[in-house]
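> coords please:
(one chain, ligands or ions: 1)
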Amino acid sequence: MSSAPDSAPAELPASLDDVYSFLGPSGTFTEAALKQVPEARGKRWRAVNNLGEALADVVEGRSVAAMIAIENSIEGGVSVAQDALATIPGLRIIGEYLVPVNFVLVARPGTTLADVRTVNAHPVAYAQCHQWLDRHLPDHGHLPASSNVAAAASLFEGSAADAAVAPPGIVDHHDVVVLADNIGDNPNAVTRFVLVSTTRSVPEPTGADKTSLIAELPDDRPGSLLDLLEQFSTRGINLSLIESRPIGDALGRYRFVIDADGHIADERVADALLGLRRFSPSVMFLGSYPRADGQRVEFDQRYRDEVFTEARTWLASLTEEERPAGAQDGASA
Ligand SMILES: O=C(O)C(=O)Cc1ccccc1
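Sure, this is the predicted structure:
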């Protein structure tokens, strides 16, 4: 267990509620994402070895929340994370954070690029550097690592690899030599992280929010996906992510991972959820939370809250008994 870098005074109560889990060891991009969470400052941080351990900490009450990578600008959704959120009941996303990611190739002192045969790398990092690796080390082998920092650490723990893909800050943590800088295929790559908890309380709407959902299609017939998408389009809701993931019970069965602009407290988003629920056999609400980029949600004024509430009031009025003129509420004769 480590303490947050800007930790508060030692007399802080050390209850379980104070613990945040993240993919360690210290120096990972996931830790950089957790540093952006004001509520986590001064709390205890638990470095774990994989996503499953981070989420189990939350579900089993060892941590109040876990930071996980969910999407990157090169590969899209992190499928293991999407599948975990789809299959572990009770998890909610309570915040999102963006971390620019770039990578260096490091090795034990004395190693040169010409010596490198095998590279240790986290699979997501490896995928983001493969063009550089294929160009400069065309016959290299890949050894998967549990994190970007673990990849470099393992060079000193008997790893068969000669080099590792790591974050630039790795030089502050290990006595490595940098064989090459900026080996990421996209210099502007960004990874999106989410803070996951089991709390039922949803962050307050800010006007710059996002709602994450997972929905299954009712049946395998033409237009099912269109029906799903229409729930959003007919309510003026923009989607920032839609990805299909296999449900896993039969070939060709998929669930859809969706990020929609807006908050469940927005009438148009709540109405879209009701629409989804009416036709989908399974809709999971993963949470509404402020967008990391702070960008306010733009939508056509035809879909503002008052339009929905006015329509509901109108509907109710259609079947209300007409009151005789002058009658008062609750008045008895
Ligand atoms: O947090 C890290 O450093 C990781 O190892 C996971 C990861 C891998 C690639 C991009 C972002 C996060």
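
> what residues does the stretch 201-333 of the chain put near the ligand?
Neighbours of the ligand within the stretch 201-333 of the chain, by C-beta under 6 Å from any ligand atom: none found. Placement of C-beta: from N, CA and C, glycine included.

> Neighbours of Val80, how many?
Each residue near Val80 was counted by other C-beta atoms under 10 Å, and the total is 15.

> The helix or strand where it lies and the ligand in contact?
Taking DSSP states H and E as the definition, one finds Val80 inside helix 79-87. No. Judged by C-beta under 6 Å from any ligand atom, helix 79-87 and the ligand are separated, with a smallest distance of 10.2 Å.

> what does the helix or strand containing Val149 contact?
In the assignment (DSSP H and E), Val149 maps to helix 148-153. For helix 148-153, the surrounding residues in contact (C-beta atoms under 8 Å, 6 or more residues apart in numbering) are 24-29, 49, 103, 106, 120-122, 125, 145, 161, 164-167, 170, 173-174, 176.

> Show the overlap between those and what lies near the ligand.
Applying C-beta under 6 Å from any ligand atom to the contacts of helix 148-153, one finds that 28-29, 122, 125, 167 fall near the ligand.

> From these, which land in strands?
Within those, no residue falls in strands by DSSP state E.

> just the buried members of those?
28-29, 122, 125, 167 (16 or more other C-beta atoms under 10 Å).

> could I get those as TSV with pLDDT and distance to Trp45?
Compiled in TSV, those are given as follows (pLDDT from 0 to 100; distance: C-beta to C-beta, whole Å):
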residue	pLDDT	distance to Trp45
Thr28	98	11
Phe29	98	14
His122	96	19
Ala125	96	21
Pro167	98	17
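
> how about the helix holding Val149 against the ligand, any contact?
Yes. Counting by C-beta under 6 Å from any ligand atom, the ligand has neighbours in helix 148-153: Asn148.

> ok so, going back, could the buried ones among the ones next to the ligand among the contacts of helix 148-153 go into a markdown table alongside distance to Ile264?
Listed next are these as a markdown table, based on distance: C-beta to C-beta, whole Å:
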| residue | distance to Ile264 |
| --- | --- |
| Thr28 | 31 |
| Phe29 | 29 |
| His122 | 33 |
| Ala125 | 34 |
| Pro167 | 35 |
